[in-house]
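# could you look at this predicted model? Sequence included:
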Amino acid sequence: MKQFVNKNSVVREVWGKSDTILLVFAGASAEFALNKAVDWLYFTGKLPEDPLGRLFSTVNYARAIVFSEEASALKAIDRINAIHGSVEKSRGQNIPEWAYKDVLFMLIDYSIRSYETLERPLSDNEKQEVLGVFRKVGTRMGLSDLPLTYLAFKIERQQHLKQNLENGEFTKDLYKQYKKHLGIIRYRLLIESQILLVPETAKALLNLRRFSILTPMIAIYKVFKSIKLDWMVKAALLPPGYKQDIKRMNIT
C-alpha cells in the first residue's frame, strides 16, 4: 500500500519521537496564543478549557497522517476539514485562509527547529522534504498558493509572522490557562522551551528573553537519551496523567 509519507522520510523521524513532538507544540503554543485568529479557539472553548487534551488530540491527527497509508491519511485530513467546517457553520463565518496557513507553517517550522535542537542539523533536501509533506496536507485541505520551495517558505513565513501576530487579551488569558493546567514548574519549562524555539518576532511580542536556561541542558539530555534514560527526565517533568499518551508518541 502506498504510504502518505515515505517510510525513509525524515518527517517520520521527527514525528516518531515524543520529545521532538513536545517541543513542536511548546513552540506552537506560543504562536497559537499570539495569532490574530485565536478567537476561533475561544469560540469552541476546547483549547482554553483543556490545552493538554487539545495537544494530544492534535498529535493523534498528525500521527494518523504521517504514519498511515495514503487513503487513510487523506480521510484524516478530510475529517479535520469537516470539523472546521462544522465550527464555521456554527459561527456563521469562515476561518480565514491565512489562519490555516499559519498553523501549517508552524508545523513545518517547528518540526525543523525541534529536530535540529534535539538531534542534528537537517540538510536543505530534508527541509524541502518536511515542506513537501505538509504542503500535501495543505493542498488536500484546499489551501492555495502554498510555497513550492523551502526558500520561498521562509520568506512567506516571515511575512505571516509580521502580519498575523499580536499580544492581545486572548493571548494573556491563554497563558493563564497554560499556567493553571501545567502548574508553576511545568509552566516555566514551557516558557523556557518557547525561548529556545520561537522566532524573534514572537519572542519580542511575548517579552521573552533571548537565552533559555534549557540551552546548556540539551547536551545533558542527549547523554541520557543515548543510554536510554531519557524516560526518567520525562517522568519527572511531565504531567502524570499524560505519561502513557507521551509514551505512545514514540513510534520510530
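Noted; the coordinates are in hand.
# could you point out which element follows the helix or strand of the chain with the lowest mean pLDDT?
Within the chain, no helix or strand scores below helix 230-237, which has a mean of 66 by mean pLDDT, DSSP states H and E. With elements assigned by DSSP states H and E, the helix or strand that comes after helix 230-237 is helix 243-248.
# could you list the buried residues of that following helix?
Along helix 243-248, these residues count as buried under the neighbour rule (16 or more other CB atoms under 10 Å): Asp245, Ile246. To be clear about C-beta, it is placed using only N, CA and C from the backbone, and glycine gets the same treatment.
# just checking, what packs against it?
helix 18-34, helix 230-237 (3 or more CB pairs under 8 Å, 6 or more residues apart in numbering; DSSP states H and E).
# average pLDDT for that helix?
The average pLDDT within helix 243-248 is 70.
# distance between that helix and the chain's centre?
Chain-centre distance of helix 243-248: 17 Å, with CA atoms, centre = their mean, to the nearest Å.
# over to stretch 219-231?
Taking CA atoms, centre = their mean, the mean C-alpha location of stretch 219-231 is offset from the chain mean by 23 Å.
# same check, this time on stretch 108-120
Using CA atoms, centre = their mean, the offset of stretch 108-120 from its chain centre is 11 Å.
# can you list contacts of stretch 61-81?
By CB atoms under 8 Å, 6 or more residues apart in numbering, the residues outside stretch 61-81 that reach it are 1-5, 11-12, 15-16, 21, 107, 133, 137, 140-142, 249, 251.
# show me where the stretch 101-250 of the chain has helices.
Taking DSSP state H, counting those that start in this stretch to define them, one finds helices in the stretch 101-250 of the chain at 124-140, 150-164, 169-182, 184-197, 200-205, 215-226, 230-237, 243-248.
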